[in-house]
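Undergrad: Sharing a sequence plus its predicted fold:
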Amino acid sequence: MHLLRKVGFYVIALWAALTVNFIIPRLMPGDPVSLLIAKLGQRGPVTPEARASIEVLLGTDTDQPLLAQYVDYLGNLATGDLGLSVSYFPAPVTSIIGQTLPWTIGLIGLATVISFLLGIGLGTVAGWKRGSWLDNLIPVTTMFQSVPYFWLALILLFVFGSVWPVFPLNGGYDIYDTVPGWNAEFIGSVLYYGTLPALTIIISSVGGWMLGMRNMMVSTLSEDYLLTAEAKGLRPGRVMRTYAARNAILPSISGFAISLGFVVAGSIVTEAVFSYPGIGSALLQAVGSNDYALMQGIFLVITLSVLGANLLVDLLYSVIDPRTRART
Amino acid sequence: MALTTQAAEPVGGAGGFLAGSAPQRARRRRLGLPPMTAKLAAGLIISGAILLFGLLGPFVVQDPTRVDDIGLTGPSSAHLMGTTQTGQDVLAQLAYATRGSLTIGAIVGVLTLLLSGFFGVVGAYAGGWVDEFFSLFTNIMLVIPGLPLVIVISSYVPDKSLLLVALVLSLTGWAGSARVLRGYTLSLRNRDYVLASRVAGEKRWRILAVEILPNLIPLLASQMVFAVIFAILGEAGLSYLGLGASGSISWGTMLYYAQNGLALRLGAWWWFVPPGLLLALFGAALSLINFSIDEIINPKLRNQTRAARRGWLMSRKQLETAKEATL
Amino acid sequence: MNGPMPAPPVRPVVSAPVLTIEDFSVDYLVDPVVHAVKNVSLTLRRGEVLGLAGESGCGKSTLAYGIVRLLKPPAAIVSGRAVFHSREGIEIDWNLLDAEELRATRWDKISMVFQGAMNSLNPVISIRDQLEDVFTAHRPELGRHERRKRCAELLERVGVDPARLRAYPHELSGGMRQRVMIAMAMALEPQVMIMDEPTTALDVVVQREILREITRLRDELGFAVVFITHDLPLLLEISDRIAVMRAGEVVELGDALSLYTDPQHDYTKQLLASFPSLTGERGSFVRGGMDERLLALDAVRLDDPNAGSTA
Ligand SMILES: Nc1ncnc2c1ncn2[C@@H]1O[C@H](COP(=O)(O)OP(=O)(O)O)[C@@H](O)[C@H]1O
Ligand SMILES: [Mg+2]
């Protein structure tokens, strides 16, 4: 029942995302299709099929009823046809997404996991030892939380790229001296180039996780079962982890959806600052050149990735909290 | 209030810094105000100062758009915070930008409050299928990432008014608050005194207005503060990407021009540091205020604040002994 | 274990103390200071049930937590001490233990059952894990297999199906959770068990069952019990001696029968008078005839095979 509800929700959310993606270009002023096709025409010949697929995706002024357009649109998506890109002509949108998405998932995914674990860990300790130096550090980390991602990125770039140049200014890897592939130089270069962007995301988001976890730890510590655990003479580490933190972490996990939205938003801008070859940069590139098909495709993929991440976290939640599991 | 309290007492004095006298504390509590702690005072002072700067600053500084031939000079007596690439006064720009960002924050704050209040409070209070539907809608809005949506929408509209940007930001940003409000309203709805008024046959809207809303005020306040922070951050991001309202000046547009004017490469820190710093400071100040509101909402947190601990009459040795024995 | 006893459990007269509380005072150091426990001196004898009665807010819980030093700031023990006397004749002054000794001594010597049957168990780990935790912390030498066997035995002893070991707290009823707590309290066979209103949150029928369980286990295992409640009639049934507390002080201490028939302190008289079922029918109160008193005290009548055999 619980699982069914969850799955049901994600199906509906998926449908909503597809529909929003369908409606926006049709609702907006202007005629994106002819604009796009004119632009495509400047770059090279546009085949009738390419034209048709763009019309299906972005809507046309033909008198085809909306419902029929919608069915066509879903059909196109089902075959993985997201149209052609202008800015990367004549590459299809899907191949651009395929190239950029791994970079973003690697960067944001890794940075988010690190920041989550770090924040939860620090928050656990801060809440456990209230009034310690770590606990008193919390207001400072909140300060970092309200620093805009891109500004922090600019400052980091300024300090570590210009003033004290230890990190590269932009890009995802050394394009001159390494060959993309599973070789040590390339992976090393990716890590080296990714450090500053990842650091930006971690510094900006760790404070939020930490504060939330710290406050939940404090609330949890006054629960009866903690007194029981203490009276039982369990080792402090065990009490902290299995009795306090295990319960305190639940709201952080169920609030993950809210936070992930902000992290994704911040990361897009961060990618822009570092010219990182991820999907955020591609989105901005598309926006800059009115590449509507690419833009819609990227929006769709970002939304689906966020949905997927939320589904994963939801499943994790039901593993940690038995109360959601057993309901029938 | 904050300023007078601070002036009256030695700053950083042991123990009682800004804690206020006992009757004063009692009065604040009666009025539903958070106790005046150092955190709250700092938050109020910083955000108040920035607010004043945004309100009054534009009246005293020079024209922010006036171009001069002394481009990109550091702080001097003529230009307290230096000039931009085209010789515009950074301080003047900062004043107008502060006003612009705060305006956006205020509009979005109110709009978000209305939207999240409607979907969160009304839904949870009405219950039944209305709640089911509202909550489903809220959760869907929550998992659709806001900024990409805003970027996509903005790109279709080349000429945007400030109001349009504010509207888009609030449409994509209300869901988180709504979910928090819903959870809290649900718990209020099942409290004894609300159930009692129901049994007594009070009108539903009256119960909502008299019993529920007053209890929601601290939470509404904290959610609004969050909304303001994220609106200002969102607008800054959007403007930094060049997708903000046309013709407006905000912290984000300043950073956009600084970036495009190669301020970073040329080391013109006076250009790109102040807007971001103000933004961070304002956000931090609002967060500090939110800490204090949190402590009203959650009594378990309140008992662990430093102010509460300072109220204990325990000697260091007694605290040590207690610490050794328990968590 | 003594095995089943055909005769009514006439408790062996033992006078050796297992826990002595001397001049114990606890303050809540807030403004103004609350003197929650004032100069309390009590002796708990081996194997006895000592009732601690008093209206709510009089400091019963504070005393109980104070004994094992579970009080959190702003509470502080301002005078006195609690001394545990082991069977081997070693004295353990609870106040002198350092953090690690305190941890190792808790539950092993004195275990507790708390009031919040609903919230005393960690909601996110299974009953088995919570029972096993006690053994891993205090009997690290036990193997996993042995630990699990003991957990099952413990549950069986309190009348819960060992299959429920896999359950999580939310899957158990309030009564079952409290039985699990009692099982947990017995895990290390401590000589003292402090029960702070263990049945207050439960409905009357379940309350009776739990009380009977506690009495039976006490008879089998011979641990001493400090039983805390505001319910004086209940204490009269199950205690050997009763201490009456008021505003942080023990105002009267005596064996249950004499406290009932011949209360000395005015407050005790008041307390007794405030329970209507106790007044009037004095003849029905017979020491040891527990089941009969159950019937006299409660509107709920339980069919018990042993009823009448002890009268
Ligand atoms: N944290 C605290 N701060 C101040 N006073 C407290 C605190 N906790 C309990 N008290 C006071 O201590 C007294 C004893 O409380 P308690 O031991 O819980 O009573 P009982 O268990 O008998 O109901 C009460 O008067 C109560 O108001
Ligand atoms: Mg109590």
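TA: Perfect, I can see it now. Ligands and ions are numbered 1, 2, ... in the order given.
Undergrad: Residue nearest the middle of the chain, spatially speaking?
TA: I went with chain A, as the question did not name one. By CA atoms, centre = their mean, chain A has its centre lying nearest to A:Val264, at 3.5 Å.
Undergrad: The intended chain is chain C.
TA: Centre-most residue of chain C, counting by CA atoms, centre = their mean: C:Met195, 2.7 Å.
Undergrad: Any figure for the gap between that one and chain B?
TA: 20 Å (CB to the nearest CB, to the nearest Å). To be clear about C-beta, it is placed using only N, CA and C from the backbone, and glycine gets the same treatment.
Undergrad: now swap in A:Ser222 and tell me
TA: 5 Å.
Undergrad: what's the residue nearest to the residue nearest to the centre of chain A when sequence neighbours are not counted in contact with, if anything?
TA: In space, and not counting its chain neighbours, A:Val264 is closest to B:Pro145: 4.8 Å by CB to CB, 6 or more residues apart in numbering or on different chains. Residues in contact with B:Pro145, defined by CB atoms under 8 Å, 6 or more residues apart in numbering or on different chains, are A:260-261, A:264-265, A:302-303, A:306.
Undergrad: mind running it again at 10 Å?
TA: By CB atoms under 10 Å, 6 or more residues apart in numbering or on different chains, the contact set of B:Pro145 is A:17, A:257, A:260-265, A:268, A:299, A:302-303, A:305-307, B:172.
Undergrad: elements contacting whichever strand or helix holds C:Glu100?
TA: Assigned by DSSP states H and E, C:Glu100 falls within helix C:99-105. The contact analysis (3 or more CB pairs under 10 Å, 6 or more residues apart in numbering or on different chains; DSSP states H and E) places helix C:99-105 against helix A:236-238, helix B:316-325, helix C:127-138.
Undergrad: quick one: the most centrally placed residue in chain B and A:Ser205, what's the gap?
TA: Ranked by distance to the mean C-alpha position of chain B (CA atoms, centre = their mean), the top residue is B:Val225 at 3.2 Å. Separation of B:Val225 from A:Ser205 (CB to CB, to the nearest Å): 19 Å.
Undergrad: What of B:Tyr256?
TA: 23 Å.
Undergrad: again, but for C:Asp196
TA: Taking CB to CB, one finds C:Asp196 at 43 Å from A:Ser205.
Undergrad: ok, back up a step: just after the helix holding C:Glu100, pick out the following helix or strand.
TA: Counting by DSSP H and E, the next helix or strand C-terminal to helix C:99-105 is strand C:110-113.
Undergrad: Is any residue of that next one near chain A?
TA: Yes: against chain A, strand C:110-113 shows contacts by CB under 10 Å from any CB of the partner chain at C:110-113.
Undergrad: which SS class is the closest residue to C:Phe114 other than its chain neighbours?
TA: Closest residue to C:Phe114 apart from its sequence neighbours, by CB to CB, 6+ apart: C:Ser120 at 4.9 Å. Under DSSP: H, G, I helix; E, B strand; the rest coil, C:Ser120 falls in the coil class.
Undergrad: Could you do C:Gly254 as well?
TA: Per three-state DSSP, the local secondary structure of C:Gly254 is strand.
Undergrad: Could I get the contacting residues of it?
TA: For C:Gly254, the contact set (CB under 10 Å, 6+ apart) comprises C:241-244, C:260, C:262-265, C:268.
Undergrad: how near is the residue nearest to C:Phe114 to ligand 1?
TA: 15 Å (CB to the nearest ligand atom, to the nearest Å).
Undergrad: Equivalent analysis for A:Asp31, please.
TA: In terms of CB to the nearest ligand atom, A:Asp31 sits 69 Å off from ligand 1.
Undergrad: okay, now that residue: neighbour count?
TA: Other residues near A:Asp31 come to 15 when the count uses other CB atoms under 10 Å in any protein chain shown.
Undergrad: wait, doesn't it sit right on A:Leu58?
TA: Yes: counting by CB atoms under 10 Å, A:Asp31 touches A:Leu58, with 9.2 Å between them.
Undergrad: okay, and the common contacts of these two?
TA: With CB under 10 Å, 6+ apart, A:Asp31 and A:Leu58 have common neighbours A:25, A:37.
Undergrad: So B:Pro75: helix, strand or coil?
TA: Three-state call for B:Pro75 (three-state DSSP): coil.
Undergrad: Tell me how many other residues crowd the closest residue to it other than its chain neighbours.
TA: Nearest in space to B:Pro75, with sequence neighbours left out and distances taken as CB to CB, 6+ apart, is B:Gly82 at 4.8 Å. Neighbourhood size, B:Gly82 [other CB under 10 Å]: 20.
Undergrad: didn't B:Gly82 look like it was pressed against B:Asp68?
TA: No: with contacts counted by CB under 10 Å, B:Gly82 stays clear of B:Asp68, the gap being 11.6 Å.
Undergrad: Please report the distance of C:Ser111 from ligand 1.
TA: For C:Ser111 relative to ligand 1 (CB to the nearest ligand atom), the value is 18 Å.
Undergrad: what's the burial count for that residue?
TA: Neighbours of C:Ser111 under the rule other CB under 10 Å: 27.
Undergrad: In contact with it, which residues are there?
TA: By CB under 10 Å, 6+ apart, C:Ser111 lies in contact with A:231-233, C:68, C:134, C:181-182, C:184-195, C:223.
Undergrad: Check C:Gln115 too.
TA: Contacts of C:Gln115 (CB under 10 Å, 6+ apart): A:224, C:61, C:178, C:195-201, C:228-229.
Undergrad: re the thing from before, in a helix, the residue nearest to the centre of chain B, correct?
TA: Yes: counting by three-state DSSP, B:Val225 is part of a helix.
Undergrad: wait, it sits on B:Gly109?
TA: Yes: counting by CB under 10 Å, B:Val225 does reach B:Gly109; the two are 7.9 Å apart.
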